[in-house]
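S.K.: sequence below, structure please.
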Amino acid sequence: MLYKIVAVALVFLGEALAITGELFASKNTASGHYLTTFWQMSLLMAVGGALLVAGYMVGYHYFKNIWIVIVVSLATLAIGEPLLAYVLFGESPTTGALIGLILAILALLSALLIP
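M.R.: Just a heads-up that it's a prediction; the model follows:
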């Protein structure tokens, strides 16, 4: 059970770092420091990518089902990206995006809790 939690945490953290890199780079285009921002966010995304690879490896080994790992990854994107976008940009989701967020949460829970 502990390794399943570790796998979910690795995927979640990897996706979070990748999303943060994407959004932060988007937000910092106004500063004009394109090359510096590009390399800093590329490094952040490389670390996130390594965590994702580790999460997929551990997740598949202990869940014995790649679909659970994929759902964790997709749900993290569907939940984490809107939250980080709200924090960084201060923009609220549209109604459709909010419905998608709720469905992503339900999909994550169903994949993890229903055999």
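S.K.: what sits closest to the most centrally placed residue in the chain if chain neighbours are left out?
M.R.: By CA atoms, centre = their mean, the mean C-alpha position of the chain lies nearest to Glu15, the distance being 2.8 Å. Of all residues not flanking Glu15 in the chain, Thr76 sits nearest, at 4.1 Å (CB to CB, 6 or more residues apart in numbering). Quick note: C-beta positions are derived from backbone N, CA and C, even for glycine.
S.K.: neighbours of that neighbour, how many?
M.R.: 23 (other CB atoms under 10 Å).
S.K.: tell me the spacing between it and Gly14.
M.R.: Remark: distance between Thr76 and Gly14 (CB to CB, to the nearest Å) = 9 Å.
S.K.: follow-up on the earlier one: so what pLDDT did the residue nearest to Glu15 get?
M.R.: Note on Thr76: pLDDT of 84.
S.K.: which residues touch it?
M.R.: Residues near Thr76 by CB atoms under 8 Å, 6 or more residues apart in numbering: Val11, Phe12, Glu15, Ala16.
S.K.: what's the neighbour count on the first one?
M.R.: What it means is Val11. Neighbourhood size, Val11 [other CB under 10 Å]: 26.
S.K.: wait, doesn't it sit right on Tyr56?
M.R.: Yes: applying CB atoms under 8 Å, one finds Val11 in contact with Tyr56, separated by 6.9 Å.
S.K.: who touches both of those two?
M.R.: What both Val11 and Tyr56 touch, as defined by CB under 8 Å, 6+ apart, is the set Val69, Ser73.
S.K.: rewinding a little: name the residues of the helix or strand harbouring the residue nearest to Glu15 that are buried.
M.R.: Using DSSP states H and E, Thr76 sits in helix 66-89. Buried residues in helix 66-89, counted by 16 or more other CB atoms under 10 Å: 68-69, 71-76, 78-82, 84-85.
S.K.: for stretch 105-115, same thing?
M.R.: Applying 16+ other CB under 10 Å to stretch 105-115 flags Ala107, Leu108, Ala111 as buried.
S.K.: let me know the pLDDT of the first one.
M.R.: Among the per-residue scores, Ala107 shows a pLDDT of 84.
S.K.: how about it, what does it touch?
M.R.: When contacts are counted by CB under 8 Å, 6+ apart, Ala107 touches Val71, Leu74, Ala75, Ala78.
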